[in-house]
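Enquirer: Next comes the sequence, and after it the predicted model I'd like to discuss.
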Amino acid sequence: MTDPLLKIENLQTQLGDEQDPVRVVDGLDLAIHRGETFALLGESGCGKSMTALSMMRLLPPSGRVVEGDIEFGGTDLLWLSEQEMRQVRGGRMGMIFQEPMTSLNPVLKIGDQIAEAVRLHDRLRGSRVTKRVLELLDSVGIPDPVRRAREYPHQLSGGMKQRVMIAMALAGRPELLIADEPTTALDVTIQAQVLNLLKDLQRDSGMAVLLITHDLGIVAETADRLAVMYAGQIVETSDVSTFFQGPKHPYSRKLFESLPDSNKRDEKLAVIKGFVPSLKQQFTGCRFLQRCEESGDRCSREVPEWRQLNRRQGVRCLLYAEKPLVSKAKQDPQTTLHRTRKTSADPLLSVIDLKVHFPIHKGVLRRVVGHVRAVDGVDLQIPKGHTLALVGESGCGKTTVGKAILQLLKPTAGSARFEGDELTRLRGAALRKRRADMQIIFQDPMSSMNPRMLVGDIIAEGMQAQKMGTKPQQAWRVNQLLQQVGLSEEAAGRYPHEFSGGQRQRICVARALAVQPKLIICDEPTSALDVSVQAQILNLLKELQHELDLSYLFITHNISVVSYLADEVAVMYLGRIVEQGRVESVLNSPAHPYTQALLSAVPVPDPDHQRDVIRLEGDMPSPANPPTGCHFHPRCPQASEQCRQAYPPQAELSRGQRVSCWLHTVGQ
Amino acid sequence: MLRGLSMFILLLWALAALFGGGFAAGANTIDLQRILAPPSELGLLGFDDLGRPLLERLIVGAQTSFLVAFGVVAVTSVIGSLLGLIAGYRGGWIDLLIVRLIEVFLAFPGILLAIALAGIMGPGLDNLIIALSVVGWVGYARLARAQTLALKQRDHVSAAIALGSGHWRILLRHLLPLIAAPLIVEATFGVAGAVIAEAGLSFLGLGIQPPAASWGSMIRDGASYMLMAPHMVLAPGCTILLVVFSLNLLGDRLRDRLDIRLTARKRS
């Protein structure tokens, strides 16, 4: 085998105080070969980004590399002067970041920003720079590059901005492109476009890509080899196909098991107990010890050595040592959730033709010049004890639907009936009383709690507002709720910032439960969390539904969560529901072209799974000015003349699947 | 060092204002023997044109400035914050009305408006506080409104509404505690501003009336004797300078301390 392009040996990066450092990267070895895509996989805080920043020598001021070698194409990067390093950055080694919105300068035209990179690394001048800029824009698939080069970042969509970032990274003709969560901030259909682009570019230019991600699906789709990182170390490296056939390290295995999907519907998801240990300590044993279910006595005394199992796979675990540890893995009694579903006739919540339009004001007199049709005629029914998932990409209005049902936003038109009671007409005290029946859990648990209030007060707030019980009764109930969501009673006396993301979300669940609701609207409750933590919250929600016969309106963009949790699903596009029905039927045989495209764009954690991504052209149009006819027709691969003229009526397919598409409207 | 000194000066100011009465019994005693006498062992800061001891008059002046400054800030911060809070939270025509009112007040030079008001209502301590309060609430209202607008979008406010909490509960538990920090900083600078405004109005003769002492009126009395007896101007002038400077230092420190973004970053 030829020499690797990048070789990192025993890299140690520390942050903070020198006396008491945080060892964010602690003895990392890595090799990346020319032309390959190498994925660095791990949950937040495991040191993935710090590794990349160490390579670029772009660590934050409090950070430093204390030991190790980073050899890149024959030069040791750690010994270069700052000036020489500047030639490497953006030149031989390019980087793209997670947030395209903040990575571009908002006051410079994108053409000028790319030109800057071109001038720095290509030594071109004059009109040849412009030519190269257009070339680059063209190569990242931006249509009409001449016009786009003259636009400012805010005029581009998220996917376009990420393409511009890639174009800038390509300006120096890099041998290695570091992509740090390049698609995490993007919708799945856009994510598919960007990943495809990266693949094409790599094939054409032969550069290596270091892909930093937490998404097993993306790894399976794009990478050749991968390394799993945990607590500042690599615990397993493998090539992708071997890894997906059987990950070796217990942590890697847990990551797989905690992924939700439809096959696990009737069981609990695996969770990794405990937390990532503090990286301030010197480890005397395995870092994963406390959270591992296969650990033995030796694991606490012996630091596991790296062991290369074969040419393709290596692992850092005593299970595979010279004298292998005898695993005392106890097969967890498979916890199944028994569902006794009664299909109740009358729905708990029924929403008919709900509309939320936001007026656009203009001029001195603030006259209304138009409306943003965020929600434009939505029908939904949720029976008691059922879960309805509302799926769609960002900006389609799904969050607005949730808020309008709860009367947090005033609907423009339509009706929302809860147990036969018209919510839109409730006012004052009657509405406040009704609110106890419907609760909401938000995406970001930190901002959904008042940072100046104790957890006990946060949970008790609803009971106080609803005047439920006396003070001692409320305190007793707070303790009971904390136990119910899996926290200890002492949590009541602490502040929200003292908890981790998953624990905070549990507190939010407890707060919602405090007023004994019948319906909980979950607005992306797990999308800010790591997969293993997501599994805990999903388990909790499922358990609670079983115990308390709750109904959920689950708003999400994550299809695998939908397939695990939901009974029914409604797919939303530009303020309207385009398809809804039972989860099995919609996910297995989607009828609407948008649903088909959306499902095909979701990366599947299985490298052998060949999927044909239905590529959608362009971006979602603005809800202020939706296209005439079917809203989806400008992006639809199957659009016909009819689609341009009128919005299709809803057609009922078999098994209660309803779809709004001319393709399925018979006898029109 | 500077920090300790400024705290010491503020402490001295407060002590003089609250407990200084006993040491300043002779503030209005006219002693013709000592007219314009410079500082000496008889009077540490000298005597004024009527032979009154400047130190004791400074102490009485401290009472005046302390009372006016804290009176004004207490009234303006409460009224201003409340108006801003309500405007930001309720929105709609209430917001429009309050914003227009704020803009009208901002269009007037504040101190001129206060002079006009004090002139109409006549001199006196209470009228001085009223005049300064009328122009002083605007800053708090603007700040409170802007903060509330940003804050009410946060999910924990939505969550509280969804739980069925009433408006006052949300205002007092979810909004006010979170906007308190910048308002406290603003109030500290407000105290400094009020000290200067009081001195200015008294200088113009619109504040405390003779023979009662105020730092501003002491400067006015001394202005005519500036060349013969500079201590008459220097003593109250330097006092005002030191107190205002110390207040501003305190305000800066509070701003650094209370900035939520900074402390949050330290925690994480």
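Expert: Sure thing, it's come through. In this text the structure is predicted, and so the values were computed from the model without any measurement.
Enquirer: Just say helix, strand or coil for residue B:3.
Expert: Recorded secondary structure, residue B:3: helix (DSSP: H, G, I helix; E, B strand; the rest coil).
Enquirer: right, is the helix ranked longest in chain B up against chain A?
Expert: If you go by DSSP state H, chain B has its longest helix at helix B:54-90. No. Counting by CB under 8 Å from any CB of the partner chain, chain A has no neighbours in helix B:54-90; the shortest distance is 14.1 Å. C-beta coordinates here come from the backbone N, C-alpha and C atoms, glycine included.
Enquirer: Give me the distance from the following helix or strand past that helix to the chain's centre.
Expert: Next along the chain after helix B:54-90, taking DSSP states H and E as the criterion, comes helix B:92-107. Centroid displacement of helix B:92-107 relative to its chain, using CA atoms, centre = their mean, to the nearest Å, is 24 Å.
Enquirer: and the residue positioned nearest the centre of chain B, how far is that from chain A?
Expert: For chain B, residue B:191 is the residue whose C-alpha lies nearest the centre (CA atoms, centre = their mean; 2.4 Å). Taking CB to the nearest CB, to the nearest Å as the measure, residue B:191 falls 25 Å from chain A.
Enquirer: Neighbours of the closest residue to residue A:439 other than its chain neighbours, how many?
Expert: Distance criterion CB to CB, 6 or more residues apart in numbering or on different chains; nearest residue to residue A:439, sequence neighbours excluded, is residue A:512 at 3.6 Å. Residue A:512: 27 surrounding residues under other CB atoms under 10 Å in any protein chain shown.
Enquirer: so residue A:512 is in which element?
Expert: Applying DSSP H and E as the criterion places residue A:512 in helix A:501-513.
Enquirer: partners of the helix or strand following that helix in the sheet?
Expert: The helix or strand immediately downstream of helix A:501-513 is strand A:519-523, counting by DSSP H and E. Using DSSP bridges, strand A:519-523 pairs in its sheet with strand A:438-441 (parallel), strand A:551-556 (parallel).
Enquirer: what about the nearest residue in space to residue A:611 that is not next to it in sequence, which SS state?
Expert: Spatial nearest neighbour of residue A:611, excluding adjacent residues (CB to CB, 6+ apart): residue A:600 at 6.0 Å. With three-state DSSP as the basis, residue A:600 sits in helix.
Enquirer: So which residues on chain A come close to chain B?
Expert: So far as CB under 8 Å from any CB goes, chain A lies against chain B at A:403, A:406, A:408, A:432-433, A:435-436, A:438-440, A:442, A:444, A:447-453, A:461-462, A:465-466, A:497, A:508, A:511, A:515.
Enquirer: Filter those down to the buried ones.
Expert: A:403, A:406, A:408, A:432, A:435-436, A:438-440, A:442, A:444, A:447-451, A:453, A:461-462, A:465-466, A:508, A:511, A:515 (16 or more other CB atoms under 10 Å in any protein chain shown).
Enquirer: Which strands and helices lie in contact with the helix or strand hosting residue B:189?
Expert: Per DSSP H and E, residue B:189 falls inside helix B:176-203. Secondary-structure packing of helix B:176-203 (3 or more CB pairs under 8 Å, 6 or more residues apart in numbering or on different chains; DSSP states H and E): helix B:54-90, helix B:110-121, helix B:125-151, helix B:215-223, helix B:231-258.
Enquirer: Can you redo those as CSV, where the extra columns are mean pLDDT?
Expert: Below are the helices and strands packed on helix B:176-203 laid out as CSV (pLDDT from 0 to 100):
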stretch, mean pLDDT
helix B:54-90, 93
helix B:110-121, 87
helix B:125-151, 92
helix B:215-223, 91
helix B:231-258, 91
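Enquirer: Would you check how far apart the residue nearest the centre of chain A and chain B are?
Expert: Closest to where the C-alpha atoms of chain A average out (CA atoms, centre = their mean) is residue A:527, at 5.0 Å. Noted for residue A:527: a distance of 14 Å to chain B, by CB to the nearest CB.
Enquirer: OK, contacts around that residue?
Expert: By CB atoms under 8 Å, 6 or more residues apart in numbering or on different chains, the residues touching residue A:527 are A:443, A:556, A:557, A:558.
Enquirer: So the first one: helix, strand or coil?
Expert: Of the three states, residue A:443 takes coil under three-state DSSP.
Enquirer: any idea how far the residue nearest to it when sequence neighbours are not counted lies from chain B?
Expert: Closest residue to residue A:443 apart from its sequence neighbours, by CB to CB, 6+ apart: residue A:524 at 4.0 Å. In this view, residue A:524 and chain B are 11 Å apart by CB to the nearest CB.
Enquirer: Tell me, how many residues neighbour residue A:524?
Expert: Count around residue A:524 with other CB under 10 Å applied: 21.
Enquirer: wouldn't it be in contact with residue A:555 here?
Expert: Yes. Contact between residue A:524 and residue A:555 holds when scored by CB atoms under 8 Å: they sit 6.0 Å apart.
Enquirer: returning to that earlier point: report the contact partners of the residue nearest to residue A:439.
Expert: Residue A:512 sits next to A:439, A:440, A:441, A:462, A:520 when contact means CB under 8 Å, 6+ apart.
Enquirer: and the longest strand along chain A, C-alpha only, in CSV?
Expert: Longest strand in chain A by number of residues (criterion: DSSP state E): strand A:367-382. Written as CSV, here are the backbone C-alpha positions of strand A:367-382 (Å, rounded to 0.1, in the frame of the first residue of the first chain):
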residue,chain,number,x,y,z
ARG,A,367,-50.4,48.6,4.6
VAL,A,368,-50.9,44.8,4.0
VAL,A,369,-49.3,44.0,0.7
GLY,A,370,-49.6,40.2,0.9
HIS,A,371,-49.7,37.2,3.1
VAL,A,372,-47.2,34.5,4.0
ARG,A,373,-49.5,31.4,3.8
ALA,A,374,-47.6,29.4,6.4
VAL,A,375,-50.5,27.0,6.8
ASP,A,376,-53.0,27.0,4.0
GLY,A,377,-55.8,24.5,4.7
VAL,A,378,-54.8,21.6,6.8
ASP,A,379,-57.0,18.7,7.9
LEU,A,380,-55.9,16.4,10.6
GLN,A,381,-57.5,13.8,13.0
ILE,A,382,-55.9,12.3,16.0
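Enquirer: Pull up the pairing partners for that strand, direction included.
Expert: strand A:349-362 (antiparallel).
Enquirer: mind checking how far the strand it pairs with is from the chain centre?
Expert: 27 Å.
Enquirer: ok, now stretch A:612-623?
Expert: 19 Å.
Enquirer: What are the buried residues along that stretch?
Expert: Buried residues in stretch A:612-623, counting neighbours by 16+ other CB under 10 Å, are found at A:613, A:614, A:616, A:619, A:620, A:623.
Enquirer: about what we covered before: tell me the confidence at the residue nearest to the centre of chain A?
Expert: pLDDT recorded at residue A:527 is 84.
Enquirer: before we move on, what about residue A:309?
Expert: Turning to residue A:309, the model gives it a pLDDT of 85.
Enquirer: what separates it from residue A:122, distance-wise?
Expert: According to CB to CB, to the nearest Å, residue A:309 and residue A:122 sit 44 Å apart.
Enquirer: Need phi/psi at residue A:315.
Expert: Note on residue A:315: backbone dihedrals following degrees, to the nearest 10 are phi -150, psi 150.
Enquirer: And for residue A:406?
Expert: Dihedral angles (degrees, to the nearest 10) for residue A:406: phi -80, psi 0.
Enquirer: what's the spacing between it and residue A:137?
Expert: Relative to residue A:137, and taking CB to CB, residue A:406 is found at 44 Å.
Enquirer: And for residue B:189?
Expert: Residue B:189 is 50 Å from residue A:137, by CB to CB.
Enquirer: Which one of those two is surrounded by more residues?
Expert: residue A:137 (22 against 19).
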